[in-house]
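Asks: Build the 3D model from these lines:
(chains A, B, C, D and E)
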Amino acid sequence: MVAETVTVSTGAVSVFLKYAWVIPLLPFVSAVITLFFGKRTPGRGSVYGIVFVGAACAMSFGVLWHFIQGGGPYESAMSWFQVGPLHLELGILVDGLTAIMLVVVCFISLMVHIYSLGYMHGDKRFTWFYFVLSMFTAAMLTVVISNNLIQLLIGWEVMGICSYLLIGHWWEEKENSNASIKAFITTRIGDVPFMFGIFALIAATGFTTTSIRGVTEAIGMPGVSALYVSMAAILLFGGTVGKSAQFPLHVWLPDAMAGPTPVSALIHAATMVAAGVYLVGRLFEIFLDASPWVLTVVSVVAVITMVGAALLAIVQNDIKRVLAYSTLSQLAYMVGGLSLGAAGLTAGFFHLFTHAFFKGLLFLCAGSLIHAVHSNNMSDMGGLRKKMPITFWTMLIGSLALAGILPFAGFWSKDELLVVAQETHHYWLFAAFLFTALLTAFYTARMMLLTFYGDYRGHASPHESPPSMSGPLVILAGVTTFVGLLGAPQLGAVFGKWVFYDVIEAAKFVPWIGLLGTVLAVAGILGGYALYKTYREPDPMEATLGPLWGVFQERYYIDAFYMRAIVLPTRDKLSAGVYWFNQNVLDGIVNGMAALARGVARLVIWFDRNVIDGVVNGLGDLTGQAAGALKFIQSGNVQWYAAGLFVGVVALAVVFIKIA
Amino acid sequence: MTWQNSAITITTFLPILGAVVILFMPKEKDKAVRGLAIVFTGAALVFAVAMALGFEHGKDGLQYVLDVKWIPVIGARYHVGIDGISLPLYVLTFLLSFLCAIYSWRYVPEAGRTKAFLALMLLLETGMAGTFIAFDLILFFVFWELVLVPMYFLIGIWGSTNREYASIKFFLYTLFGSVFMLLGFLAMYFSGPTVDGVHTFDMQVLTAFGAAGGFSHTFQLVVFGAVALGFAVKVPMWPFHTWLPDAHTEAPTIGSVLLAGVMLKMGTYGFIRIALPMLPEGARTYAPWIGLLAAIGIIYASLACLAQKDLKRLIAFSSVGHMGFVMLGIATLTTIGIQAAVFGMVAHGIITGMLFFCVGSIYDRYHTREIAEIGGGLMAELPKMGGIFAFVAIASLGLPGLAGFWGEVMALLSSFSPAPGLNVALFRGFMIAGGVGTVLTAGYFLWMIQRVDMGAMPERWQAKSFRDIIAVEWVSWVPLLAFIVILGLFPAIIFNLTQTGAQALSALFGG
Amino acid sequence: MNIDYHALLPEFILSGTILLVLIVDVFLSARRKWLAMPLALVGVIATLVATLTLIGSTPRVAFGGVFVLDNFALLFQVFFLIVAIVVLAISLRYFREGGFYQGEYYFLLLTSFLGCLLMPASRDLLMLFISLELVSAPGFLMSAFRKNDLRSNEAGLKFFLIGVLSTAVMLYGMSVIYGLTGTTRLEGIAAKLAGISGGQETMALAAILFVVVGFAFKVSAVPFQFWAPDTYEGSPVPVAAFLAVASSAAGFAGLLQLMFVAFIHQYEFWVPIFALLSVATMFVGNLIALKQTQVVRLLAYSGIAQAGYILLPFALVTADPANNHTAFSSAVTYILIYGVMTIGAYAVAVAVSRTSPRLLIADFAGLARRSAFLAVAMTLFWISLAGVPPTGGFWAKILIFRAAVDRGGSLGVWLAVLMLVNSVISVFYYFAVPRQMIFKPAADESPLRTSWLVTAVVGVAALAILAIFILPNPFARLADLSTLIPG
Amino acid sequence: MTAQEYAFLVLAMVGSVSAVAVVTARNVVHAALYLVVTLLCVGATYLVLGAEFVGWVQILIYVGAIVILFLFGLMLTKAPIGRDTLDNQQRWIGAIVGAGVFAGLVFLIQQAWPLQDASKSYGSFSGSTAVVGDAIFRSYILPFEAISFLLLAALIGAIVLARKDDGA
Amino acid sequence: MIRLPFVLFFSALLFSAGVYGVLARRNAIMVLMAIELMLNAVNVNLVGFSAYLKDVTGQVFALFVIAVAAAEVGIGLAIVILLFRNRQSINVDEVSLLKW
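Replies: Predicted structure coming up:
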């Protein structure tokens, strides 16, 4: 492989950027080492992950620093191999967006690596867990940093398989392995159109390059029809729908909670699910070049998901599922943000950024709770405020962030989204944002009240988690508290300077929107408080919602529908049918042929016995001589041979002499 | 006789020599016999690798050529050579055979008679290798047929319960196909050019002639049909695949490995080496149909896999699907497609070969292949075995970064826009079918892993306390596992080889 | 007049041997009768040597063209003598243990071979007729040689009656030919028939047909094949081998000369006939063979089918000598190769017949365990008969196939295709026996002991089959040289 | 029409009639005797045609030897009497085929050598013993040798087969 | 002066009679006789032609045919007698142990 290098950069290139390609490599190396030597090292290999990811984290901060100083983007690649005309590269493309993602991924991943020390302590497959964790981090970083689509696709799929492995980490239980398969297949369904989208882009370049820059340029060409671009965009969006669990492929995420909680925090809250959003941002050009209806479709999907999921979050008893549905709707928030067009990019990513931290935090808190009470169900919790103070306070911060209360992270990002929506006149999206904000605040309050207030309803004896776990909680809580300020207009919204689409949008603060958002959030919280200040069986929502309760419990029957209408028929009926066809029709034909050959043989013999001799037998009977008849029921009669001989001659003679 | 012109001959026929030597060994010297098999296959592999190292990349045309009179009466020659397209398959043949020999050090089927078993295996090796380096149609055909007989016996003698039916079916079906193939060859021979007065079977001559449009249109249609049928049965393309599941299910592990690993490639190789270049117009006319069959095959096979209760049969069907991707790539008649096809062949050879090894070893422990009877928990009790099995299965479902990915994705990419003159919409349809196929493939493999690897091992087995992977298995598997990763990360290894050849070929179709 | 004795030396030596065997036999005690075989063997080998001395000195003409020794004749003579050696080899044990009239048997066998020697060199109707009779008559007797076995008697009777009958028909034809042309020399006939026309032509055509009958019987072509299966099954196995190989080859030798020399100008008339004969023969042979349960009978039908293949080149004749040359040599090659593989198969049958005289296919079950060598060799022969590589049979088929396609025209192609179809059909039954031998367990696993003579024969034949596959060229070349038509 | 021709025709008539009788007679011995007549007539026609040597050989060999052989054989096999035992049930087919063959031949002959065409007739030609012998020894010595072997083989073989042996 | 066609007609009749005999007779010996008739027909032809062509070859041929005929009869009878000894009948339509 000749390492010819393409470099595009504006302004000074810091050493961190030059060596940014090391960032994804580090966790990969740690993964390899963990796999082969992990078991034999003290601490069963966790150390490698922490160290290497830590290093990667440091580097990514270095990268971010470059942009904080207002540095420009940087791209470099080396050719990997060539197929026909198509050059494939291994390369990196680093700009503000990338930098942000790098930081998020590395940081959260590091937190989770550390947190898992405690959470996964004594697990049967501890080392394996760390291996996959590192592998996932490497894959995710590849996706983030890659400068071309194929490399991105590879990372994309590897993430998928890692998620599969982690969800099914405790595969002794059938539900877990089921969940893992569900997750993989569902996302894969999204990946297929995504792959085709990539093909479309590559094809647009005449099968010459796969680099993102190359394809965006090619798409920009006048020759390419709007429809083509739109189709490509929609196909690509399929990937997002799958990975970011948007309607209608959202079904896997709640089940994915079967995995260990740190995994849920990292993969199913902070990073992988955000990759779908990141993808849209990365290829935003395509979406903007496409006809408007594409973004409309996107926004519709977003709206459905955000409201639908938020509603489901209200009725969950399993704390992780509450968070899972919340994640769905928050992701939809981001997607919705992007669907607002150029202006929405910054806002959307800001929400991605903040959400990664507070949702990661919330999940880790939930984990710590579960760790303590050995149950996911909030009905087994309650009154933990005293027993687990650290968890309580950190989770409170996370929750306020989620609910969008000043000054915590969530407030700023939500507010920015609302502003953009309002300014770009996407009023119904604006409405959806607001409604979701209300719901969010409500279920967050519900969650907090059910877990920390009232009195303890569980059986285990809960206690505060070990420092390895509480440590990350505190750190994240801290971050959550202040990170929002990066986007605070009053402070110049620096975030917008790092992540923007061609022009830096000055984030504005519109007081009445800010106020409206806060009011709704508070309203939600109060509503929650009103209903849940004292624990009640059954859940008061059940009465409030009436029939809807059942519908929500059944997730709008969507999962059931998929299972009954698609999965089972394909897996059991259709496959059986095909196999039947194979065995009885196709194979039947083959065996039939053989049978036919044998049959013909039998026929010839039958002919010999019954026509040649049989004629005679018949005549023998005619002559009415029983004896004679018997005599003739014999083949091998030499005189028949003789007769045959003459008939043969005469026949030949007549026929051919006539011809001649 | 220099290394340049004798290398192929030596390498290819070394195994036969081994077979002879083994036949003269006394029965009792069982271990010695197995040793010899390893030695000979190993030596052959070394030679093959040496050739691969000496191979000049990017240089079009054949290398290591030897072209001498063989049967002047009919103008057949002993013309052997190797180019970028045959080299990977050639080496693959020797690699797999070598690993099989090693595997046999420990595992020889119940039927016993190690001598005969290994001798036949060596004979098979030569036959398979020969097909990839023959550049004379008759020579090609001879090697092609040479493969039939030993495989017939391998299945028929060392197979499992239903072996007889399977072996006969395999033999007759393939023979049936090759009759048409031979017809096609002879047709080309007779209407092809004459070299100093005599018609010729020389593949290069015929290729040049065919490329220059030497054969009439109708002729091409008819002959391509005949030849393609012959190859299609071998591949096997839907709906000519029904011999495969039976053959695989009944064959001994070694048999399955070589069958899936190399023999199926003979068919696809035939398409690339003979059908397409010699009969371009025929190819262009039939391409959509081939594509269609391939697409059907992909979906059909993966659905059939979902219905399988027998582990080995499941993998056999999965082969049909994977070869469907290969054929799809070929059907696009583009450089990318053809390169994808070759890559797919090699990858499938390694991965599916490995899968059959796994199943063989699992069977060796459980003495059943019924998924339901195995009942899961493999990974719990035999973590290494289970892990490797899962890994290979995942590789087989085309996970990026592993060997299985490139063949599949490139084939689909190429079918996004096939060679000029082919119906784009149609091929995109095939592409979509392929995409659906990948999902289903993932489906049945993960389901298989769930049912075999995961969960808890049933009581009745735990009593048995199986041993996890043993040394012999490690030795014979590690190379394959390594290649699964290496090819995944450095696909250039194959793609660089096939580049020139594929470009030359697709040039015929303006691709 | 001076006679070319060198040319006739082989015949003389063989005749001498024949008489010697006869006389010596009288003086041998019953236990020593078998010594007649080595004696005969020596004689045959001597004859072979004598024949080989003639190589390169051809062609030699004797008796004003009645007897011509050219490469064609020489090739067949050598072939027949080798076959003779083989048949003798496989006969010894069989006849010694079977309680036969050994002396007389060897005497008859050699006499028959004498006829075989004369056949390819006969270039005169009369001579052909005598050679044919000399081949057949002892055959009639030998096939009835298992005197106390009704089947054998029957075999003799059927063979005899049909034989004589067809001879009569042939003779009638010959007489008419003579009447029309006034000569019995083949070239002379050809010359005369070239210019024949009108009613006489019609007569000539009929006559040709009659003559063909005589030989069609000998090579057991449909519809004159009736006798073959019964006779083969009924007669002693070595005799069956002789009939299947030598006697039918002799028939072909005669037929080749008649058709390609004497009646060549009438090809437009007889080509379609042969096409029909060939196709019918293939199909009948192959299809009926599918149902056989007795090996020799199976071999008989396979022999019929093979005859069909050999008849195919006759149907390829055109006005173009080059083409006829190809056809001719393809036929010759096929005959030779067919001889090798068939004789091998019969040798194995002889070996097996010691333990199971009925020679049902079932009797071959588990042979692989009883004698791996025999099983492998037999498999090889069957594969070869089926025309599957890696065996000589493959080339035999390919050459004929090539000739057919070379001829071009719909006829050639159609014949080629039909031949292929038949080859495929034949695979079904050709693999019946290997299947038994290899996959089925034997009734008794007791190892099968064979006489070293048989073993040697089998081994040589097997090697030959493989050798031919690898280097078919010499064979084809031989056939090429020994043609009656200028290439 | 010449005397010769009349003689020939008469002989032919007789010969033909008895020939038919041979294949239709109910009694085996009668059939054999009819055969004698036929053969004699044939021999006689040879003489009329001027083939003396062949004629005499015919009369001697056939009538002298072959027929005796036949009768001998009949005795040995206790020749049965009566149509049912002599003829089989596909007689009628035989009749059809025989008639067909005859018709066909006559037609062909008539085509080839039309009876009306007077040129199709002979001068006298003598196949005297000398001439024939000379012909044989000029060019047919080899078949002559061959036939001697044939006869020898027939003799020996016949003895072997026909003789009653004690289970040898 | 004998016209050739007469000779040929005569032989044709003998021949056909023989054919009928071969097909219609059950008794092996009778069949043999019929065959003899056919052979004689051949000889008549040969002699007739030889006279017509004024060429002796035909007669020589005829002689050989006679000799062969003699041999055939000998062989035939031997087989018949053998058969008769093993099964007390020589009816050719009863010899049929050998079937497909």
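Asks: Just confirm yes or no for stretch E:52-69 near chain D.
Replies: Yes. Contact of stretch E:52-69 with chain D (C-beta under 8 Å from any C-beta of the partner chain) involves E:52, E:54, E:56-57, E:59-60, E:62-64, E:66-69. (Each C-beta comes from the backbone N, C-alpha and C, glycine too.)
Asks: Break down chain B into its strands, ranges please.
Replies: Along chain B, counting by DSSP state E, strands occupy B:63-71, B:76-82, B:194-195, B:198-199.
Asks: Of all those, which one comes closest to chain C?
Replies: strand B:63-71 (5.3 Å; C-beta to the nearest C-beta).
Asks: elements contacting the closest one?
Replies: In terms of contacts (3 or more C-beta pairs under 8 Å, 6 or more residues apart in numbering or on different chains; DSSP states H and E), strand B:63-71 is packed against helix B:3-23, strand B:76-82, helix B:137-158, helix C:472-481.
Asks: nearest to C:V352, of those?
Replies: When the helices and strands packed on strand B:63-71 are compared by C-beta to C-beta, helix B:137-158 sits nearest C:V352, at 20.5 Å.
Asks: where in the chain is pLDDT low?
Replies: Answering for chain A, as no chain was given. A:1-13, A:597, A:601, A:604-638, A:640-641, A:656-660 (pLDDT under 70).
Asks: Wait, chain B was what I had in mind.
Replies: Scanning chain B with the threshold set as pLDDT under 70 gives B:1, B:111-112, B:511.
Asks: what's the residue lying closest to A:G259 once chain neighbours are set aside in contact with, if anything?
Replies: Nearest-residue entry for A:G259: A:I167, 4.0 Å, with adjacent residues in sequence omitted and distances by C-beta to C-beta, 6 or more residues apart in numbering or on different chains. Shown in contact with A:I167 (C-beta atoms under 8 Å, 6 or more residues apart in numbering or on different chains): A:N176, A:A179, A:S180, A:A183, A:D255, A:A256, A:A258, A:G259, A:V263.
Asks: just curious, which of those is nearest to chain C?
Replies: The closest of those to chain C turns out to be A:S180 (C-beta to the nearest C-beta; 45.8 Å).
Asks: Mind putting the residues of stretch E:52-69 next to chain D into a markdown table with neighbour count?
Replies: Output for the residues of stretch E:52-69 next to chain D, formatted as a markdown table (neighbours: other C-beta atoms under 10 Å in any protein chain shown):
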| residue | neighbour count |
| --- | --- |
| E:Y52 | 23 |
| E:K54 | 14 |
| E:V56 | 24 |
| E:T57 | 23 |
| E:Q59 | 30 |
| E:V60 | 28 |
| E:A62 | 31 |
| E:L63 | 27 |
| E:F64 | 25 |
| E:I66 | 20 |
| E:A67 | 21 |
| E:V68 | 24 |
| E:A69 | 24 |
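Asks: and those as TSV, adding pLDDT, distance to E:G18 and secondary structure?
Replies: What follows is these, written out as TSV (pLDDT from 0 to 100; distance: C-beta to C-beta, whole Å; DSSP: H, G, I helix; E, B strand; the rest coil):
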residue	pLDDT	distance to E:G18	secondary structure
E:Y52	85	23	helix
E:K54	84	28	coil
E:V56	86	26	coil
E:T57	87	24	helix
E:Q59	89	21	helix
E:V60	89	23	helix
E:A62	91	16	helix
E:L63	90	20	helix
E:F64	91	19	helix
E:I66	90	15	helix
E:A67	90	19	helix
E:V68	91	15	helix
E:A69	89	12	helix
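Asks: Low-confidence ranges, chain E, go.
Replies: E:1, E:89-100.
Asks: Go again with 50.
Replies: For chain E, applying pLDDT under 50 flags the ranges E:99-100.
Asks: Could you say which of the strands of chain B is packed most deeply?
Replies: Sort those by mean neighbour count, taking mean count of other C-beta atoms under 10 Å in any protein chain shown, and strand B:76-82 sits at the top with a mean of 22.
Asks: Kindly list the main-chain dihedrals of the closest residue to A:T210 other than its chain neighbours?
Replies: Excluding the flanking residues, the one nearest A:T210 by C-beta to C-beta, 6+ apart is A:N148, at 4.3 Å. When read as degrees, to the nearest 10, the backbone of A:N148 gives phi -140, psi 160.
Asks: I'd like to know how many residues surround A:Q639.
Replies: By other C-beta atoms under 10 Å in any protein chain shown, 23 other residues sit near A:Q639.
Asks: Quick check: longest helix in chain B by residues?
Replies: Using DSSP state H, we find that the single longest helix of chain B is helix B:335-366.
Asks: still on that earlier bit, in JSON lines: the strands of chain B, plus distance to C:A7.
Replies: Converted to JSON lines, these look like this (distance: least, C-beta to C-beta, whole Å):
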{"stretch": "strand B:63-71", "distance to C:A7": "33"}
{"stretch": "strand B:76-82", "distance to C:A7": "37"}
{"stretch": "strand B:194-195", "distance to C:A7": "40"}
{"stretch": "strand B:198-199", "distance to C:A7": "35"}
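Asks: A:G367: which of those strands is closest?
Replies: Closest approach to A:G367 among the strands of chain B is made by strand B:76-82 (58.8 Å; C-beta to C-beta).
Asks: and that closest one, what does it pack onto?
Replies: Applying 3+ C-beta pairs under 8 Å, 6+ apart, one finds that strand B:76-82 contacts helix B:3-23, strand B:63-71, helix B:114-133, helix B:137-158.
Asks: when you compare where it runs with where helix B:3-23 runs, what's the angle?
Replies: Interaxial angle of strand B:76-82 relative to helix B:3-23 (axes from the mean of the first three to the mean of the last three C-alpha atoms, to 10 degrees): 100 degrees.
Asks: Just give the closest residue to residue 162, not the sequence neighbours.
Replies: I went with chain A, as the question did not name one. Leaving aside its chain neighbours, A:C162 sits nearest to A:F136 (3.8 Å; criterion: C-beta to C-beta, 6+ apart).
Asks: try chain C instead
Replies: Nearest to C:I162 is C:W227, by C-beta to C-beta, 6+ apart, at 4.5 Å.
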